[in-house]
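> pasting the structure only:
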């Protein structure tokens, strides 16, 4: 039997559906980056998330980020930038541009090795360079360059979302999308003018400290912090806002111009797959005082359960949420001192049939629920997906009661 966790709601409306979506771990990052055209899929409709990124492809990503895909695609090389990168090489223009901007460098033997794999350390160095960090000033050169690079990259969150980041390992395509996605939200930096002072026979070079680039735009598109995030400079049509997903979880909502890329649940402050008592939630949130009942909201499969709201206190070990196999997530807003608890049930169904895409209608499968059904569901339900399944295959799926479309 083919088993796959599915959702009967489209939580990423507008995002590109790849045929191998189920293999993509960093869905939000891949959707946003591919919507911008920075990293795209293949002609067959797949993304190949775990394929290793080459050094040449990494240069293309950086150019797409800085120049935009249209301008970057017109780049060319008048002369070979490295002895193993002729002007006819697919990536010659990208490599030349990045080299001229000081973002990348070759090897001591004069080669670039465009088909070689790229380490996480090297890709982070390229992203930092695009953000404005100066390799010489920041000590990204020399025998111990990786120490300085990773300290800075981790410090500004370029590895966020990958708890198993190892800088020496080769970067995969979806990891590259994740780090580039984090870069979009990172603040750009600049340096004051470097001065050279000559006193007698002594030359003194002075450099002021690095500073964040200021953004005085009244309509900041990524963060309202008066700082220039990378996307605010290079992709000002990309907008991030707060919202909720179809299961009522606090979420990021991404739009490109007027088109919605998708809605993606934020990381929960606490997560459980078995029953959890209120006092355990209190402890796991590391609360210093109770949260009033009026400031607690509880949802199940996207429906609000007003009768389930209770104060979050360290003295309540009787009230419990969730069950074995139920995903219970807790979101705490320390600014408003509010708590949102969401419970998402997983159901078993079978594939009734698969329907191919036709015209403007996306491909979908029909799922027949088994014994335990979502509330209000009695018959077959449709699920949009580009993936294919055998008829009568068993699948695991989730169901939202509040979704606009099912």
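That came in fine, so what should we check first? Just so it is clear, the model here is predicted, and its values are computed rather than measured.
> which residues in the chain form helices?
Under the criterion DSSP state H, the chain contains helices at 27-35, 55-67, 69-73, 92-100, 120-131, 145-155, 173-184, 230-234, 278-284.
> tell me which residues of the last one are tucked away?
Residues of helix 278-284 classed as buried: 278-282 (neighbour count, 16 or more other CB atoms under 10 Å). To be clear about C-beta, it is placed using only N, CA and C from the backbone, and glycine gets the same treatment.
> Can you tell me the closest non-neighbouring residue to residue 66?
residue 130 (5.7 Å; CB to CB, 6 or more residues apart in numbering).
> can you pull the contacts of the one you found?
62, 65-66, 103, 183, 230 (CB atoms under 8 Å, 6 or more residues apart in numbering).
> what's near enough to touch the closest residue to residue 82 other than its chain neighbours?
Of all residues not flanking residue 82 in the chain, residue 112 sits nearest, at 3.8 Å (CB to CB, 6+ apart). Contacts for residue 112 (CB under 8 Å, 6+ apart) come out as 55-56, 81-82, 84-85, 95, 104, 106.
> go on, residue 84?
Residue 84 neighbours (CB under 8 Å, 6+ apart): 111-114.
> From residue 380, how far off is it?
The gap separating residue 84 from residue 380 is 57 Å, by CB to CB, to the nearest Å.
> do the same with residue 181
36 Å.
> Name the residue in these two with the higher neighbour count.
Higher neighbour count among residue 181 and residue 380: residue 181, with 24 against 14, using other CB atoms under 10 Å.
> So what's the residue count around residue 159?
Residue 159, neighbours per other CB under 10 Å, totals 21.
> I'd say it and residue 179 touch.
Yes: contact between residue 159 and residue 179 holds when scored by CB atoms under 8 Å: they sit 6.9 Å apart.
> which residues do these two both contact?
Residues touching both residue 159 and residue 179 by CB under 8 Å, 6+ apart: 120, 124.
> By mean pLDDT, point me to the weakest helix or strand of the chain.
strand 5-7 (a mean of 46; mean pLDDT, DSSP states H and E).
> just the contacts of residue 84 now: which is nearest residue 226?
Checking those against residue 226 by CB to CB gives residue 112 as the nearest, at 38.9 Å.
> What score does the closest one have for pLDDT?
Predicted confidence (pLDDT) at residue 112: the value is 94.
> Please apply the same query to residue 4.
The model reports residue 4 with a pLDDT of 42.
> now do the one 5 residues further on
Among the per-residue scores, residue 9 shows a pLDDT of 39.
> which of the contacts of residue 84 are buried?
Buried among the contacts of residue 84 (16+ other CB under 10 Å): 112-114.
> Output those as CSV; include the columns distance to residue 134.
Output for those, formatted as CSV (distance: CB to CB, whole Å):
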residue, distance to residue 134
112, 21
113, 25
114, 25
